[in-house]
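Novice: Show me the folded form of this:
(chains A and B)
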Number of protein chains: 2
Amino acid sequence: MCLYTKNPFRILLLAAFTLVDIITNTALAQRKLTLAQQNARVEDSTVIQKIYESALTTHQSYDNLRYLTHKIGGRLSGSNQEAQAVVWIKSLLEQLGLDSVYLQAVTVPHWVRGVKEKARLITTEGKAIRLDVCALGGSVATHGKLRARVVEIKSWAELAALSEQQIKGKIVFFNRPMNPSHVEVFDSYLEAVDQRSKGAIAAAKRGAVGTLVRSLTLAKDDLPHTGAVSYEEKIKKIPAAALSTNSADKLSQALQTTPNLLVELEMNCQQLPDIQSFNVIGQINGRSYPTEILTVGAHIDSWDLAEGASDDGTGIVQTIEVMRIMKGLHPERTVRAVLYVNEENGASGGVKYAELAKLSPEKQLAAIESDAGGFTPKGFRIDASDEVAERICMWDMLFKPYQVERIRPNQRGIDIAPLKGIAKALISLDCDDQRFFDIHHTAADTFDKINRRELQLGTAAMASLCYLLSKHGL
Amino acid sequence: MCLYTKNPFRILLLAAFTLVDIITNTALAQRKLTLAQQNARVEDSTVIQKIYESALTTHQSYDNLRYLTHKIGGRLSGSNQEAQAVVWIKSLLEQLGLDSVYLQAVTVPHWVRGVKEKARLITTEGKAIRLDVCALGGSVATHGKLRARVVEIKSWAELAALSEQQIKGKIVFFNRPMNPSHVEVFDSYLEAVDQRSKGAIAAAKRGAVGTLVRSLTLAKDDLPHTGAVSYEEKIKKIPAAALSTNSADKLSQALQTTPNLLVELEMNCQQLPDIQSFNVIGQINGRSYPTEILTVGAHIDSWDLAEGASDDGTGIVQTIEVMRIMKGLHPERTVRAVLYVNEENGASGGVKYAELAKLSPEKQLAAIESDAGGFTPKGFRIDASDEVAERICMWDMLFKPYQVERIRPNQRGIDIAPLKGIAKALISLDCDDQRFFDIHHTAADTFDKINRRELQLGTAAMASLCYLLSKHGL
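Specialist: A predicted model of the protein is given here:
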């Protein structure tokens, strides 16, 4: 949008378009534009201004994030810290004086990393060079030192083209870098994540004894990025680890000159028995339509390498702050905060919530998730029918003054995805993602990476959408 | 812009608008839309795609910034580091193989901070409490310890309402916080900066012996923010310092209970004789219109409290990278990089360049400046006639795919401001500013705050605009 509005032709044109746009949209959605509806839009814009004012002038969510990250810390499914976070979040929701706050039991996996992983490349002359490595979440252990030759793979086609002899007994090294040309790093991530999630299955099928994957980031540094690895029943589970991008480059270079080099990998991670954890739920009953439910949330659990500040501590404290703001607005429809467990390695929290929602007579209006790092909000991503999406798009002009510019398809919340077909709209907050994948799933996902104002702007965007949905329905 | 484009009515409407918009704009600017012009637009979009590809796939600008900040460091006007930066920038431009690289002599002020400033508040019982403080750039020294009572001021009206007795011999403490309600922090900064720049004059006029100003940031922390203070001839120059926001709050609270407390301030900063420095200039001669000049730049100098990474190391390395890209594009008009000295405390680099430009027979087309912190680019700000601004706005659709969304009035580059009336358009890069004022003019303006991708996206946006201006003129 060109905001250089001095030219009268352009001003007229823009005004005409805006009018036509509003009328057409409203007509599409509601068949006619009454005076009452026009007034409602003015009222909405006033309320949203107050929501931003409220979100930008309190330090509470930032202080909460400091506590969560510094006092509780990383909170992988099944950990003590996750249990502590459940209690802490419940108490914060209770302090808000909501209509109800309760726990929803969820069975979660309990994987532990054990002592810090080690990896070294060993040249034919016996020289050992350290590699920065971490086990992928869910990986089996190496049971002592795993020593094997390495075969480097840059595409699935390359893997398929290798003979049995070239793979058997080796470590497959998935080293396809993320594409730096996309404007949004998330797009680069989505193109590359199959190496991490599916690599171990594909390699084991061909007789490999382990996998190493290049960390999923565009940064060049020494931080290994963890994340979930999948196994399949009947396919041997082989150890799977991530190398930092610097270590991946080092290994790749060494392989050029010494194809016979060995890599030594040592990981004593362990899959313990499943354990009971809890989604934390807090609710404000709608004053006009209490059975219409708007769910807003984020995930409690995080990876264990750091404090889980960006992923998804930010979403937790934003959700709590949204509830504080919504309570002051006495919403017409029920607004329910759900803080899910086990997003990172199983999504059983989201699945459990959706299962129970499906059995309930309640009408699931929409679900919003904040899990995009807590950076400057850019818009929303929606999964909904065309008609429902159009209704939400009607509100785009209300977000423009706050630079929340894009309402796009393809929501990205893992926890709300199981609500597909149950809720009318699934919506994820969309944030500037340039910094996200530098720290994602690493030891660098710490409180100091989060900017208070960016966090607050995200809260305000979510709360504004909550307000509109709770007032107008879908 | 709602990008949820499944609804056919909306698609049609958007398409119609876009078409009308393009035709109207082109008609306004060029009176008719020829087939050749339509083809040019397609070509432009292809070139811009290549510019982004080029900017996003090299680490050079980030590596340059690391060198500048870690090997040279903070580079206040007149310092050895500024002189080193001049030499280093010149050599980088020379390595690009430009048509000419040269220095432009500029006389700059030479103010030095001296040993670290100290401030304490002293209660009536003689208890001393440390305050985090720094001298404002250009301040006079205290010549030993300045001890005085304090009068806190939250508005100019409050200052005016005080009696002579209430001010005389005291330290005036300007403590009007920045307004957190604006979406853009720059707006909050502009509302508050008068306290820092004009406070010492206003206070001295009324007989004060010093000023303290609340640091210009929305962050709550212990970092004092420096910045230039102004004095007036014939008005006594009194010491002027900034307190961190935490220290400002501490002092304000103490004044509530102990209005008679003393503040002790010790600063031995010094104004040395002016010194000769240099703007660094590198030029690619236009292949079709060599006398039409497009200036692109940033400022070399920085405050001395840190490395000057964000302000304006980012602009320096972006400008160099823009020249690398433009050289590959063989521009039709002359593209000239100008790295200015002395932006922070005098702007003599920008003034000198404009003086010489005015005397030259060259036609100054436009000047672009990057001095907004190196964060995710959001758009451009333009000072130009309506007609010229319209021509630039014509290109807004070309930037949309890269999320450079806003072309707005009121450019903010200090160095290019003296070109007003000489160049047809003055344009500043507009960036996400949520993080900028947390580190602005402080010890925290360090390399680690800069994200490589955000830096590169800024380079790409600048280079794309350079390309369009150099190809189409104005």
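Novice: burial count for A:Val193?
Specialist: 15 (other Cβ atoms under 10 Å in any protein chain shown). C-beta: built from backbone N, CA, C; applies to glycine.
Novice: Likewise for A:Leu469?
Specialist: Neighbours of A:Leu469 (other Cβ under 10 Å): 26.
Novice: Check what pLDDT it gets.
Specialist: Per-residue confidence (pLDDT) for A:Leu469: 98.
Novice: List the buried residues for stretch A:326-333?
Specialist: A:326-327, A:329, A:331-333 (16 or more other Cβ atoms under 10 Å in any protein chain shown).
Novice: cool, and stretch A:187-198?
Specialist: A:188-189, A:192, A:195-196.
Novice: So which of those is the closest to B:Cys269?
Specialist: A:Ser188 (47.9 Å; Cβ to Cβ).
Novice: and that closest one, that one's in a helix?
Specialist: Yes. Under DSSP: H, G, I helix; E, B strand; the rest coil, A:Ser188 sits within a helix.
Novice: Give me the nearest residue to it, chain neighbours excluded.
Specialist: Spatially, and ignoring its direct neighbours in sequence, A:Ser188 is nearest to A:Met178 (4.1 Å; Cβ to Cβ, 6 or more residues apart in numbering or on different chains).
Novice: Show me the helices in the stretch 151-300 of chain A, by range?
Specialist: For the stretch 151-300 of chain A, the helices defined by DSSP state H, counting those that start in this stretch cover A:156-161, A:164-167, A:185-192, A:194-205, A:245-257.
Novice: neighbouring contacts of the fourth one?
Specialist: Residues from elsewhere that reach helix A:194-205 (Cβ atoms under 8 Å, 6 or more residues apart in numbering or on different chains): A:136, A:139, A:156, A:159, A:167, A:172, A:174, A:176, A:210-211, A:213-214, A:216, A:227-232, A:235-238, A:240, A:242.
Novice: show me which of those residues neighbour chain B.
Specialist: By Cβ under 8 Å from any Cβ of the partner chain, no member of the contacts of helix A:194-205 lies near chain B.
Novice: Could you list which of those belong to strands?
Specialist: A:172, A:174, A:210-211, A:213-214, A:240, A:242 (DSSP state E).
Novice: winner for burial among the helices of the stretch 151-300 of chain A?
Specialist: A comparison of the helices of the stretch 151-300 of chain A by mean neighbour count, using mean count of other Cβ atoms under 10 Å in any protein chain shown, puts helix A:194-205 on top with a mean of 21.
Novice: now that helix against helix A:185-192, angle please.
Specialist: 10 degrees (axes from the mean of the first three to the mean of the last three Cα atoms, to 10 degrees).
Novice: coming back round to it: now the helices of the stretch 151-300 of chain A as a markdown table including mean pLDDT?
Specialist: A markdown table is the format used below for the helices of the stretch 151-300 of chain A (pLDDT from 0 to 100):
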| stretch | mean pLDDT |
| --- | --- |
| helix A:156-161 | 97 |
| helix A:164-167 | 95 |
| helix A:185-192 | 98 |
| helix A:194-205 | 98 |
| helix A:245-257 | 98 |
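Novice: coming back round to it: just flag the most distant two among the buried residues of stretch A:187-198.
Specialist: A:Ser188 and A:Arg196 (13.4 Å).
Novice: ok, back up a step: mind picking the two most distant members of the ones in strands among the contacts of helix A:194-205?
Specialist: A:Gly210 and A:Arg214, at 14.7 Å, using Cβ to Cβ across these.
Novice: State which strand of chain A is the longest.
Specialist: strand A:270-284.
Novice: then that strand to CSV, C-alphas only?
Specialist: C-alpha atoms of strand A:270-284 as CSV (Å, rounded to 0.1, in the frame of the first residue of the first chain):
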residue,chain,number,x,y,z
GLN,A,270,16.6,-42.9,26.6
GLN,A,271,12.9,-43.4,26.0
LEU,A,272,11.3,-43.8,29.4
PRO,A,273,7.7,-45.0,30.0
ASP,A,274,5.0,-42.6,29.0
ILE,A,275,3.9,-40.3,31.8
GLN,A,276,0.8,-38.3,32.7
SER,A,277,0.9,-34.6,32.1
PHE,A,278,-1.8,-31.9,31.7
ASN,A,279,-3.1,-29.3,29.3
VAL,A,280,-3.9,-26.2,31.3
ILE,A,281,-7.3,-24.6,30.5
GLY,A,282,-8.8,-21.3,31.7
GLN,A,283,-12.1,-20.0,30.5
ILE,A,284,-14.2,-16.8,30.4
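Novice: Can you pull up the residues of the stretch 351-474 of chain A that come close to chain B?
Specialist: Counting by Cβ under 8 Å from any Cβ, the stretch 351-474 of chain A sits next to chain B at A:376, A:378, A:382, A:386, A:389-390, A:392-393, A:396, A:401-403, A:405-409, A:432, A:434-435, A:438, A:451-454, A:457.
Novice: roughly how far out does the longest strand of chain A sit from the chain middle?
Specialist: Here strand A:270-284 is found 18 Å from its chain centre; the criterion is Cα atoms, centre = their mean, to the nearest Å.
Novice: what's the domain layout of chain A?
Specialist: Here chain A is described, according to automatic domain parsing, as comprising the domains A:1-33, A:43-110+A:274-472, A:114-268.
Novice: Could you export the ones you listed as TSV, including distance to B:Ala444?
Specialist: Shown next, in TSV, are these (distance: least, Cβ to Cβ, whole Å):
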stretch	distance to B:Ala444
domain A:1-33	32
domain A:43-110+A:274-472	11
domain A:114-268	21
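Novice: Could you single out the most deeply buried of the ones you listed?
Specialist: Of these, domain A:43-110+A:274-472 is the most buried (mean count of other Cβ under 10 Å), at a mean of 22.
Novice: Go ahead and confirm A:Val115 touches A:Thr142.
Specialist: No. A:Val115 is beyond contact range of A:Thr142, at 12.0 Å (criterion: Cβ atoms under 8 Å).
Novice: what sits in contact with each of those two?
Specialist: In contact with both A:Val115 and A:Thr142: A:Asn268, using Cβ under 8 Å, 6+ apart.
Novice: Return the residues in contact with A:Ile320.
Specialist: A:Ile320 touches A:61, A:64, A:89, A:92-93, A:96, A:337, counting by Cβ under 8 Å, 6+ apart.
Novice: try 10 Å this time
Specialist: A:60-61, A:64-65, A:89, A:92-93, A:95-96, A:280, A:282, A:298, A:337, A:339, A:459 (Cβ atoms under 10 Å, 6 or more residues apart in numbering or on different chains).
Novice: tell me the secondary structure for it?
Specialist: helix.
Novice: which residues does A:Gln256 contact?
Specialist: Per Cβ under 10 Å, 6+ apart, neighbours of A:Gln256: A:Glu152.
Novice: With chain B in mind, check whether stretch A:35-43 reaches it.
Specialist: No. Contact of stretch A:35-43 with chain B is not found when judged by Cβ under 10 Å from any Cβ of the partner chain; the minimum separation is 15.5 Å.
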